[in-house]
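J.: Okay, sequence plus prediction incoming.
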Amino acid sequence: MLQPPLRILHLYVSPGHNYFGFHGKPPGENPTLDVPEVRCVPGRGIEGDRFFDYKDDYKGQITFFDDAVYRRLCADLNVHDKPPAAFRRNVVCAGVDLETLYGRDFEVQGVVFRGREECRPCYWMDQSFGPGAEKALRGRGGLRAEIVSAGVLRVDPTAA
């Protein structure tokens, strides 16, 4: 079992969709909540998140996003007023290249995940973060994963 040196900097959940299913309409206004911990339920998702019990075998039960990508995007697009919550990924982390987890089982804080695929950016990224974000995130949009074992993820206390 791969145990990457992954540090959790932020955990986000949202009770509803803002972009998913809103094509051709204005985005939704559901908050993205920065929380200290999340409960992971195998095959179902994160309790309290919009994708919890979304559908069987859903590839994005939990999503990961690299803080280094966020910081580089801020610099490259000269955006300094948007938090990483703008990307609507669940786990903002540091310490691992998320691409190395595609197709692999890995463990973080005692919870096992199966890396499924890139969390591809969509056109909403330009609106939620800034012009050019969708293009800049191609190939670096994060990781969609399946939750294999139950457990709780917590923000690294040294992340503040």
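T.: Happy to help now that I have it.
J.: Just checking, which helix or strand succeeds the helix or strand bottoming out on mean pLDDT in the chain along the chain?
T.: Lowest on mean pLDDT, DSSP states H and E among the helices and strands of the chain sits helix 124-128, with a mean of 81. Reading on from helix 124-128 to the C-terminus, the next helix or strand found by DSSP states H and E is helix 133-137.
J.: Show me which residues of that following helix are buried.
T.: By 16 or more other Cβ atoms under 10 Å, the buried positions in helix 133-137 come out as Ala133, Glu134, Ala136, Leu137. C-betas here are computed from N, CA, C, even on glycine.
J.: So for the strand or helix carrying Gly115, mean pLDDT?
T.: Using DSSP H and E, Gly115 sits within strand 111-118. Taken as a whole, strand 111-118 has a mean pLDDT of 96.
J.: packing partners for it?
T.: Applying 3 or more Cβ pairs under 8 Å, 6 or more residues apart in numbering; DSSP states H and E, one finds that strand 111-118 makes contact with strand 105-108, strand 143-147, strand 151-154.
J.: Sheet partners, orientation included, of the last one?
T.: Each strand pairing with strand 151-154, determined using DSSP bridges, is listed with its direction: strand 37-41 (antiparallel).
J.: what's the answer for the longest one, then?
T.: Here strand 143-147 has these sheet partners by DSSP bridges: strand 62-66 (antiparallel), strand 111-118 (antiparallel).
J.: re earlier: any chance of the buried residues of helix 133-137 in JSON lines with distance to Val38 and pLDDT as columns?
T.: Output for those, formatted as JSON lines (distance: Cβ to Cβ, whole Å; pLDDT from 0 to 100):
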{"residue": "Ala133", "distance to Val38": "25", "pLDDT": "88"}
{"residue": "Glu134", "distance to Val38": "26", "pLDDT": "87"}
{"residue": "Ala136", "distance to Val38": "27", "pLDDT": "91"}
{"residue": "Leu137", "distance to Val38": "23", "pLDDT": "89"}
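J.: quick one: which of these is nearest Asp56?
T.: Set against Asp56, the nearest of the buried residues of helix 133-137 by Cβ to Cβ is Leu137 (28.0 Å).
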